[in-house]
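> Make a model of this:
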Amino acid sequence: MSISAPSFAADRALTADPSHRQDADRKQRLHRLHVWQIPLLRLAGFALLSLIAALYGLAQPAGIDWAPWWWLLAINFGYAGLVWAVLARWHGRTGRLDLTLLFSHTDMLVWLVTVYHVGSSPLLLGLLMLVRVGEAVALGFRRALYFAHLGTAVFVAYQLWVPVPDVGWPVWLMAVLLYAVCLHVSLVALTVSRLRQRNAEAAQRTEELVQALDARNHELQRQAEALDVARREAEAAARAKSSFLATMSHEIRTPMNGVIGMTELLRHTPLNPHQQEFVQIIRDSGQNLLVILNDILDYSKVESGRMELDVRPLSVAAILKACVDLLGPRARDKGLVLRLDMDPALPPWVLGDSTRLRQVLINLLSNAIKFTQTGEVRVRVNVLEASAGGEPLPAIRDQLAVGPVVCLEWVVTDTGVGMTPQQIERLFQPFSQVDPSISRKFGGTGLGLAISQRLVQNMGGCIEVSSAPGQGSSFRFVLATREVLDHADTVSTVSMPLSGQVSRPVDSPLGRPLRILLAEDNVVNQKVAMLTIQRLGHEVDLVVNGREAVEAVGRVAYDLVLMDIQMPEMDGLEATREIVRRAGQGPRPFIVGLSANAMAEDVEAGRRAGMDNYLSKPFTVSDLRAVIDVCTLLAPVDAHAA
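Numbers count the residues shown, from 1 in each chain. As a prediction, the model looks like this:
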């Protein structure tokens, strides 16, 4: 509430609302206070004074004289009504003139009329002055102190101007007591003012904090919206990248399957030395191109966190033999000895991801051969105590009978150039070589070891390196697994020769060649797969779409179905779902998906459809052998008896 007196400026500051945002509410509250609440209290006060005057007249021996009382009542109510009308019309429109303060002074003049009517009682006058000071307490210390002095002055002036009845106390003593009481009440107003100031400051700080929080919330909301937009853009970019990689993978792998597959088959035909050399060059070039393609795709999957493991029974001997078969010619060309050492306690079959484990070993062995000029490269697998490794990975098929935990130590050593400690620190960084000159001299993308480290970590291990310049290097990792007890004494088909006449896998758990159905629409891929299967000594039938595959499985009890994913009429996924649906709980063939799409989502789609394994193109003879090994392990002996 604003007033005209300069001494009340601080009180205005104390009573002002610090909130700018709620200024309209504050004005409305002040209007209600000064136009309605205070006038109503004033009317009630004058009505009470009129009642006191009437009771005073009735208490007199001569009785009340009603004519003066009615004049008094008219003055009191007329004044109260006039003040109400003025406030209702002019409140807030008089500039610096404070009508509430003005009428607080005129109230005291009208009170004197009532005091005079009741016999000029000093006690009633003092009480009224004290009430005025008490009312001012709510408006601040300075206003209360002002009315304390004004009320005492009016009391003394009235007592000196109008004869008053003797109450037994001197006028000066009553004035001193009134001033003391009013001063005490004013000091209470000082405490109230300070509390109000603190509340106002606290409210202002609270409002500032609220505004800061609102601004921070708005900023966080804008950041969240920006992050959401960025996330959607990143997801769209990731989908576009995945689609591009899948398309490029399919388009490159499809002809590569024909190149590598036919070269592999041609290598085992009668050729003169020059022809053998030409075929070897084609084979090595195709393998190098495939390694680069796989590195790019694998790093993309590892970087995005979509690399998943396919935990199934595997033969450690088969994996090592496949790696040696693949890299042995390269080592012999450099005059190196490629040695293979296996612990006699090694179980024939264990659980693991054969594809990823073979990929790690090929990367480590390829690097060892690449950086070794003389001497040997050795790969060693030892059986350690069960406490040496972490938790084994869960198997895809829970019905497999497995033994206790087995910890396998894999070590690849060489007698190559070696590395310094500084070079070892940069060893597993992607797109980097330990020395820039190495990339120029030996080539490579710099992704192989980075991918291998991530793969080993996903399998629960970590690659450790020990090396010294000129003394070679040693790469070691430990993986926990479990022994597979089913057909533990089976001789793997990996030991079958590829050269010479076709051999029959009479040592298969089924005791006969496997009956295999090939569902493939590409002519080149048909030839590659059929010739490879026949060379491995198994029987194979060919269909060119998924519908024919479903019908063929319904007619013949096949042991294995090699199912291409992308085929006309009915694709491989739909055909697999139909085969699984028709089989129900009964026996069905082991289904392996074949596709040039090597992305993680393609593998997962095959699993959801019911495929038991997945083989990406181009595949080697060793890859197909490994698939057949798993099939012979999991297929019951009498499931497809002729």
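
> residues near V350, how many?
By other C-beta atoms under 10 Å, the residues close to V350 number 21. (Glycine included, C-beta is placed from N, CA and C.)

> And it, how far from I628?
18 Å (C-beta to C-beta, to the nearest Å).

> Any stretches of the stretch 301-450 of the chain with poor pLDDT?
301-308, 386-401, 430-447 (pLDDT under 70).

> As a check, name the ranges of all strands in it.
For the stretch 301-450 of the chain, the strands defined by DSSP state E, counting those that start in this stretch occupy 312-314, 337-342, 350-352, 376-384, 402-414.

> Can you check which of these gets nearest to P589?
Proximity to P589 (C-beta to C-beta) singles out strand 312-314 among the strands of the stretch 301-450 of the chain, at 16.3 Å.

> quick one: buried residues of the closest one?
When burial is assessed from 16 or more other C-beta atoms under 10 Å, strand 312-314 yields the following buried residues: R312, P313, L314.

> okay, those in a markdown table with distance to P344 next?
Formatted as a markdown table, these follow (distance: C-beta to C-beta, whole Å):
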| residue | distance to P344 |
| --- | --- |
| R312 | 24 |
| P313 | 20 |
| L314 | 19 |
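
> Looking at those, which is nearest L327?
Taking C-beta to C-beta as the measure, L327 lies nearest L314 of the buried residues of strand 312-314, at 18.7 Å.

> Spatially nearest residue to the closest one (excluding sequence neighbours)?
For L314, ignoring the flanking residues on the chain, the nearest one in space by C-beta to C-beta, 6 or more residues apart in numbering is S354 at 3.9 Å.

> Pull the contacting residues for that neighbour.
Residues counted as contacts of S354 (C-beta atoms under 8 Å, 6 or more residues apart in numbering) are R312, L314, A318, I319, A626, V630.

> Correct me if wrong: the fifth one contacts A322.
Yes. Under the criterion of C-beta atoms under 8 Å, A626 makes contact with A322 at 6.8 Å.

> the more surrounded of those two?
It is A626, of A626 and A322, that has more neighbours when counted by other C-beta under 10 Å, with 27 against 22.

> Quick check on that one: phi, psi?
Phi and psi for A626, reported as degrees, to the nearest 10, are phi -60, psi -40.

> gap between the residue nearest to L58 when sequence neighbours are not counted and W70?
Distances taken as C-beta to C-beta, 6+ apart place I64 nearest to L58, at 5.2 Å, with adjacent residues excluded. Per C-beta to C-beta, I64 is found 11 Å from W70.

> So which of these two has more stuff around it?
I64 (15 against 11).

> which SS class is the residue nearest to L58?
Three-state assignment for I64 (DSSP: H, G, I helix; E, B strand; the rest coil): coil.

> Surely it is in contact with G57?
Yes. I64 is within contact range of G57, at 3.0 Å (criterion: C-beta under 8 Å).

> Can you point out the helix or strand that includes D107?
Assessed by DSSP states H and E, D107 sits inside helix 99-117.

> any idea which helix or strand comes after that helix?
helix 122-137.

> Please name every helix or strand in contact with the next helix or strand after that next one.
Sequence-wise, the next helix or strand downstream of helix 122-137 (DSSP H and E) is helix 141-161. Where contact means 3 or more C-beta pairs under 8 Å, 6 or more residues apart in numbering; DSSP states H and E, helix 141-161 is packed against helix 9-15, helix 99-117, helix 122-137, helix 171-267.

> Give me the angle between helix 141-161 and helix 122-137.
If you take axes from the mean of the first three to the mean of the last three C-alpha atoms, to 10 degrees, helix 141-161 sits at 160 degrees to helix 122-137.

> May I see the buried residues of helix 141-161?
Here helix 141-161 shows 141-148, 150-152, 154-156, 158-159 as buried, counting by 16+ other C-beta under 10 Å.

> wait, which of those is closest to D333?
Nearest to D333 out of the buried residues of helix 141-161 is F141 (C-beta to C-beta; 103.6 Å).

> Hmm, the closest one is touching L183, no?
No. In this structure F141 lies outside contact range of L183 using C-beta under 8 Å: 11.1 Å.

> Give me the helix or strand of this structure that scores worst on average pLDDT.
Lowest by mean pLDDT, DSSP states H and E among the helices and strands of the chain is helix 9-15, with a mean of 43.

> Sort out which residues of the helix or strand just after it are buried, please.
Later in the chain than helix 9-15, the nearest helix or strand by DSSP H and E is helix 23-32. Under the neighbour-count criterion of 16+ other C-beta under 10 Å, helix 23-32 has L30 buried.

> circling back: overlap of the contact sets of I64 and G57?
By C-beta under 8 Å, 6+ apart, no residue touches both I64 and G57.

> can you tell me how far the residue positioned nearest the centre of the chain sits from T114?
In the chain, the residue lying closest to the centroid (C-alpha atoms, centre = their mean) is R231, at 11.2 Å. From R231 across to T114, the span is 79 Å (C-beta to C-beta).

> Give me the nearest residue to G261, chain neighbours excluded.
Closest to G261 by C-beta to C-beta, 6+ apart is V528, at 3.2 Å.

> So what touches the host helix or strand of the one you found?
Assigned by DSSP H and E, V528 belongs to helix 523-535. Here helix 523-535 makes contact (C-beta under 8 Å, 6+ apart) with 254-255, 257-258, 261-262, 264-265, 268, 498, 502, 516, 518, 520, 540, 542, 562, 564, 594, 617, 621, 624.
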